[in-house]
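[1] have a look; sequence and predicted model below, questions after that.
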Amino acid sequence: MEMPPKSPDGSEKSPQELVTSNTGSTLCMSSRSESVWTSTSRSKWDIYHKPVIVVSVGAAVFLFGTVITSLSCFLTHHKKVYKMSGPAFLSLGLMLLVCGLVWIPIIRKKQKQRQKSQFLQSLKSFFFNR
């Protein structure tokens, strides 16, 4: 008689336990967001909170970079530090600001596509489930 395979910790597993796996369900759950599968309506804040936060942080970092850069014009103490770090904050803030501003129309387009898809699915179910 053959012995069932043993796991590294020494416990025996039956063939059913070896075949049964939860990876399929977790893979499917992790590959798509829940909002795709559920049709609950979300508020505007739930939809746009991430790009709004990115735009806000980008604007704050951009303003901070503007202040640091202007300090290099007025202060003579640590002038090299201000001249080096000011433009870095300016570019980082501008990058975040632009990314957030581009993200908003992308979300709007996805919302329109999702609404069209839900409408077409309801039409399809209406005509084919008769």
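    Received, thanks.
[2] go through this protein and flag its longest helix.
    Longest helix in the chain by number of residues (criterion: DSSP state H): helix 79-128.
[3] rounded mean pLDDT for that helix, please.
    Across helix 79-128, pLDDT averages out at 89.
[4] by contact count, what packs against that helix?
    helix 44-74 (3 or more CB pairs under 8 Å, 6 or more residues apart in numbering; DSSP states H and E). Every residue, glycine included, has its C-beta placed from N, CA and C.
[5] can you count the residues close to Gly86?
    20 (other CB atoms under 10 Å).
[6] just give the closest residue to it, not the sequence neighbours.
    Spatial nearest neighbour of Gly86, chain neighbours left out: Thr69 (3.3 Å); criterion: CB to CB, 6 or more residues apart in numbering.
[7] cool, and Phe62?
    Leaving out its chain neighbours, the residue that sits closest to Phe62 by CB to CB, 6+ apart is Gly93, at 2.9 Å.
[8] contacts only, for that neighbour.
    Shown in contact with Gly93 (CB atoms under 8 Å, 6 or more residues apart in numbering): 58-65.
[9] if I look at it, how far off is Phe64?
    Relative to Phe64, Gly93 is positioned 7 Å away (CB to CB, to the nearest Å).
[10] equivalent analysis for Leu120, please.
    According to CB to CB, Leu120 and Phe64 sit 47 Å apart.
[11] one step back: and the contacts of Gly93 as JSON lines, adding distance to Ser41, neighbour count and pLDDT?
    As requested, these are exported to JSON lines (distance: CB to CB, whole Å; neighbours: other CB atoms under 10 Å; pLDDT from 0 to 100):
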{"residue": "Gly58", "distance to Ser41": "29", "neighbour count": "20", "pLDDT": "97"}
{"residue": "Ala59", "distance to Ser41": "29", "neighbour count": "15", "pLDDT": "97"}
{"residue": "Ala60", "distance to Ser41": "31", "neighbour count": "14", "pLDDT": "97"}
{"residue": "Val61", "distance to Ser41": "34", "neighbour count": "20", "pLDDT": "97"}
{"residue": "Phe62", "distance to Ser41": "34", "neighbour count": "19", "pLDDT": "97"}
{"residue": "Leu63", "distance to Ser41": "35", "neighbour count": "13", "pLDDT": "97"}
{"residue": "Phe64", "distance to Ser41": "37", "neighbour count": "16", "pLDDT": "96"}
{"residue": "Gly65", "distance to Ser41": "39", "neighbour count": "20", "pLDDT": "95"}
